[in-house]
Each structure stands twice: as C-alpha cells, then as structure tokens.
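S.K.: What follows is a predicted protein model with its sequence.
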Amino acid sequence: MKIVDLDGYAVNPGDLSWDGLNEFGDVVVYDRSKPEEVVERAEDAEVILTNKVQITDQVMAQLPKLKYIGVLATGFNVVDTAAAKRRGIIVTNIPAYSTDSVAQMAFAHILNITNQVDHYAHLNRHGRWSRNPDFCYWDSPITELANKTIGIVGFGHIGTKVAIIARDFGMDVFVCTSKNSSDLPAGIQKTSLDGLFGVSDILSLHCPLTDGTREMINKESLKKMKKGAILINTSRGPLVNEKDVADALKSGQLGAYGADVMVSEPPAADNPLFKQPHAYLTPHIAWASKEARERLVDSCLGNVKAFVEGHPINVVNP
C-alpha cells in the first residue's frame, strides 16, 4: 500500500517522526504540494494524508486507487466529504488533539491585551524603564479579569476549556451553545448570540465555520457589542469580516482584536488589520505546540491502523 503525505512540514518540520507509518506501507512525505502537483504525486496512493491541501471531487476522480484520506487537523473542510462518500473513500480527522494548546493561546491573547506585556517589553528594550524617574510606569490601561464577563461562542472541547480557565480567573462566563443549560458546568450561563454581544467584555470564538457562522462578526454585530470590548478568534478566520473588524478598531467601538487565524493564510500584506495597533495577530500557531503535534501524529497513526484493520475511527463522512 502506498501512503502519501501531501504537506507534512507544518505538522512535522523535523522535530517529530513519520516512521510509524512504515508499518502500513510505502510512505512518501512531501513538505508542501501545489494544487497542480497533487494528482501526479498521489496517483498510485491508496492513502492520502493532508493538512491544508484541498482534495476536491475533481482530484479524487483522477485517483482510482484512493481508498482513504486522513486529514491532519480537526477541521476537514479541505476535503469534499460528500464526493468522497459517493466514491467509497473514507475520510477521517484528528479530534481534540489541540484543546489545551488552543485554549492557552486564547488566554495568551487575552493576557497580552489586558496586561500589555508586548507593549512594555518593547518599550523597555529601547530604554524606557531605565530612563524612568520612578520604580514603575504605565502609559496604557491594565485590566483585571476578575469580575469581567467573557462570552464564548461554541462550547465544544476548546470552548469548555476556555470557560474553565476563565472561571479560575474569577470571570463571569456566558456561552452560546446548542447544549441544554442543565448540561453546562456550574457557573456557566447560556444565552443567545445577541445576548453575548450585549454582556461580553471579552468575546471569544470557538465554533466551526459553517454557512451560518461565516462572517458572524460583521459591521452590524460589532455595533451590538460593548464599546471597547475585546474580540478573540482562535477558531476560523472567516468567522469575521476583517474589514469590519478593522473599522471597528479604528473607531474605538472594538477595543482590541486578538486572532490566530485569518480569512486568507498567509494574509495579504495590505490586509487592513495590519494597520490597526490594537489588532494582535499570530500566524495560526495555537495548535502547534510540540505536545499537541505529538498527539496529532499519534492519532494519525491510530487512524491509519484502524483503517488498515477494517474498523476505521474518527470518520467524518460515515
């Protein structure tokens, strides 16, 4: 059996190993693959692994030996799962491998914004503290999280973890979720999306990208938020309209935007968010701790093993 990993570099830039796959067949790992290279590279493969390379119906039509697509991520919108099902191709993902890392990144953004860590570190590298007449200084607000309200959109593994951390900071936690109120942990209150907009000092997005959630944060919804509120997005870039967010930052309606994801990745150099000093953008690395990537590779091996043995797990197109 031939196994082809089309874009293995992001998951494993050299500090992990794909050797475990050798048990199941002949393995070829490409760091990256352009769209026009996919068919040629995977033409004899029964198993394809992909992180961000798109596997469309058109691509699958040219790969008659293909039986299995393993997505090396939790989100699987890079694969036309309906077309795969029609063709009898199993598609799996890697659920819940990055929960702790992504929740940690959400709070890294929150704490950077509320405590201005990067701001002061930058000033002090250029001598600001050394020139100060007093033992301390501050030139921007420092905000305590206790008794502030955080709104969480989506209450899966990551949203739940963020809520738990927020409660430990003494925050009031409201969530927008399909779960029943009776099924929520103690101290977590359910409300509508509009309800979150109205009460949140910090709004954190942890929901999947669907037709219903695409650009849920836009000019109109931003007007419903508290003036000066903080928006955090470690979920999916297209959940927000980036121009509308940039405009809200410029006007002061939005106090800060902390994001690890963008609509296009990598983003265009002229993206309007780059011009906003209160937009704090990290390059889609919330998932990329070594611990999380180790779990990802281990889960990938488990998914392939289960497929080979005839009882696939983590199937997203049953």
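M.R.: Noted; the coordinates are in hand. Residues are numbered from 1 along each chain as shown.
S.K.: Need the pLDDT of the nearest residue to residue 80 once chain neighbours are set aside.
M.R.: Of all residues not flanking residue 80 in the chain, residue 57 sits nearest, at 4.9 Å (C-beta to C-beta, 6 or more residues apart in numbering). C-beta: built from backbone N, CA, C; applies to glycine. Per-residue pLDDT puts residue 57 at 98.
S.K.: residue ranges for the strands of the stretch 101-250 of the chain, please.
M.R.: 149-153, 172-176, 188-190, 202-205, 229-233 (DSSP state E, counting those that start in this stretch).
S.K.: rounded to a whole number, what's the mean pLDDT of the third one?
M.R.: Averaging pLDDT along strand 188-190 yields 95.
S.K.: counting contacts, what elements does it pack onto?
M.R.: When contacts are defined as 3 or more C-beta pairs under 8 Å, 6 or more residues apart in numbering; DSSP states H and E, strand 188-190 sits against strand 172-176.
S.K.: partners of the strand it packs on in the sheet?
M.R.: strand 149-153 (parallel), strand 188-190 (parallel) (DSSP bridges).
S.K.: Which of the ones you listed sits closest to residue 254?
M.R.: strand 149-153 (13.7 Å; C-beta to C-beta).
S.K.: Now do that closest one against strand 229-233, angle only.
M.R.: Per axes from the mean of the first three to the mean of the last three C-alpha atoms, to 10 degrees, the angle that strand 149-153 makes with strand 229-233 is 30 degrees.
S.K.: ok, residues contacting strand 149-153?
M.R.: 159, 162-163, 166, 171-176, 191, 193, 196-197, 199-207, 216 (C-beta atoms under 8 Å, 6 or more residues apart in numbering).
S.K.: if you set the cut-off to 7 Å instead, what comes out?
M.R.: Outside strand 149-153, the residues within contact range by C-beta atoms under 7 Å, 6 or more residues apart in numbering are 159, 162-163, 166, 171-176, 193, 196, 199-207.
S.K.: of all the strands of the stretch 101-250 of the chain, which lies closest to residue 261?
M.R.: Ranking the strands of the stretch 101-250 of the chain by their distance to residue 261 (criterion: C-beta to C-beta) puts strand 229-233 first, at 6.0 Å.
S.K.: Show me what that closest one is packed up against.
M.R.: In terms of contacts (3 or more C-beta pairs under 7 Å, 6 or more residues apart in numbering; DSSP states H and E), strand 229-233 is packed against helix 99-115, strand 202-205, strand 254-259.
S.K.: Next one: the residue sitting nearest the centre point of the chain from residue 79, what distance?
M.R.: Centroid-nearest residue in the chain: residue 235, 3.7 Å away (criterion: C-alpha atoms, centre = their mean). Using C-beta to C-beta, to the nearest Å, we find residue 235 at a distance of 19 Å from residue 79.
S.K.: Run a quick neighbour tally on residue 253.
M.R.: Residue 253 has 18 neighbouring residues, counting by other C-beta atoms under 10 Å.
S.K.: In this model residue 222 seems to touch it, though I could be wrong.
M.R.: Yes - judged on C-beta atoms under 7 Å, residue 253 makes contact with residue 222 at a distance of 5.9 Å.
S.K.: residues contacting residue 284?
M.R.: Contacts for residue 284 (C-beta under 7 Å, 6+ apart) come out as 260-261, 265.
S.K.: what's it sitting at in phi/psi?
M.R.: Backbone torsions for residue 284, taken as degrees, to the nearest 10, come to phi 50, psi 60.
S.K.: where does it sit relative to residue 142, distance-wise?
M.R.: Note on residue 284: its distance to residue 142, by C-beta to C-beta, is 28 Å.
S.K.: most remote residue from this protein's center?
M.R.: Within the chain, the residue lying farthest from the chain centre (C-alpha atoms, centre = their mean) is residue 133, at 43.3 Å.
S.K.: Quickly note the distance from it to residue 263.
M.R.: With distances taken as C-beta to C-beta, residue 133 is found 46 Å from residue 263.
S.K.: Can you list the buried residues in stretch 173-189?
M.R.: 173-177, 184, 188 (16 or more other C-beta atoms under 10 Å).
S.K.: Restricting to C-alpha, output it in CSV.
M.R.: Presented in CSV, the C-alpha positions along stretch 173-189 are these (Å, rounded to 0.1, in the frame of the first residue of the first chain):
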residue,chain,number,x,y,z
VAL,A,173,-18.9,33.1,31.9
PHE,A,174,-21.7,33.2,29.3
VAL,A,175,-21.9,30.8,26.4
CYS,A,176,-23.8,30.5,23.1
THR,A,177,-24.3,26.7,22.5
SER,A,178,-26.8,24.2,21.3
LYS,A,179,-26.3,22.3,24.6
ASN,A,180,-29.1,22.5,27.3
SER,A,181,-28.5,24.8,30.2
SER,A,182,-28.8,21.8,32.5
ASP,A,183,-25.9,20.1,30.8
LEU,A,184,-23.5,23.0,31.4
PRO,A,185,-20.9,23.1,34.2
ALA,A,186,-21.8,25.0,37.4
GLY,A,187,-21.3,28.8,37.0
ILE,A,188,-21.6,28.7,33.1
GLN,A,189,-24.7,30.6,31.9
